[in-house]
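Participant: the sequence and its predicted three-dimensional model are supplied below.
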Amino acid sequence: MEKRYFLQTGAALFGTALLPPIFLPRSSIMATSNTEFEITKTDTEWRAILSPEQFRVLRQHGTERAFTSPLDKQYEAGTYVCAGCDQPLFTSDTKFNSGTGWPSFFAPIEGAIATTVDRSFFMTRIEVHCSRCGGHLGHVFNDGPVPTGQRYCMNGVALKFIPA
């Protein structure tokens, strides 16, 4: 067998094994069972209570454009709740300006979130979900301020703000 043919075949087989997950819909890569959460609804039920953008972010793991959420610059005292189920997720005491264009927090309310590994877009990140309904909220990174060193970078459309 010719060396060039061997290398081309090997590269094609490797690419076939590695690349398809990148092009599959996120739901088939990292499906989260509705039975894992206290609140479960069908897509039709979620669409009835969420805006199209909220459905895309919360239920289909989408991301809103940076600097489009009014919650990014919201610094009034209060609580940020899940837009899908109203579970309290973050308090204004933990919010900070990360400069990323998304509302950012250094700590969630205890027990309010769940996390999974997100391997989309050629990188590995920690995805943040509402622990009650499983809605996709954003991602957490290890470049935040003290005391936790974490940056919970959330989609504003996945949150609602309740003033204190």
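Facilitator: Looks like it came in fine. Numbering: from 1, shown residues only.

Participant: got the domain boundaries for this protein?
Facilitator: 1-29, 32-163 (automatic domain parsing).

Participant: ok now the longest one, how far from the chain's centre?
Facilitator: So that's domain 32-163. 6 Å (CA atoms, centre = their mean, to the nearest Å).

Participant: for this protein, what spans make up the strands?
Facilitator: Assigned by DSSP state E, the strands in the chain fall at 78-82, 88-91, 95-96, 104-105, 113-118, 125-130, 136-141, 151-154, 159-163.

Participant: for this protein, name the helix or strand with the lowest mean pLDDT.
Facilitator: The helix or strand of the chain with the lowest confidence, counting by mean pLDDT, DSSP states H and E, is helix 26-29 at a mean of 35.

Participant: the residue nearest the centre of the chain and Ala77, how far apart?
Facilitator: For the chain, the residue nearest the mean C-alpha position is Gly138 (2.7 Å; CA atoms, centre = their mean). Applying CB to CB, to the nearest Å, the value for Gly138 to Ala77 is 22 Å. The way it works is simple: take the backbone N, C-alpha and C, and place the C-beta from them, glycine included.

Participant: how about Glu53?
Facilitator: Taken as CB to CB, the span from Glu53 to Ala77 is 26 Å.

Participant: more crowded one of the two?
Facilitator: Glu53 (15 against 10; other CB atoms under 10 Å).

Participant: how deep is the nearest residue to the more buried one once chain neighbours are set aside tucked in, by neighbour count?
Facilitator: Nearest residue to Glu53, sequence neighbours excluded (CB to CB, 6 or more residues apart in numbering): Val157, at 5.1 Å. By other CB under 10 Å, the residues close to Val157 number 22.

Participant: and Val157, what pLDDT?
Facilitator: On pLDDT, Val157 comes in at 97.

Participant: that one contacts Val57, doesn't it?
Facilitator: Yes: counting by CB atoms under 8 Å, Val57 is a contact partner of Val157 at 5.2 Å.

Participant: which neighbours do these two have in common?
Facilitator: Residues touching both Val157 and Val57 by CB atoms under 8 Å, 6 or more residues apart in numbering: Glu64.
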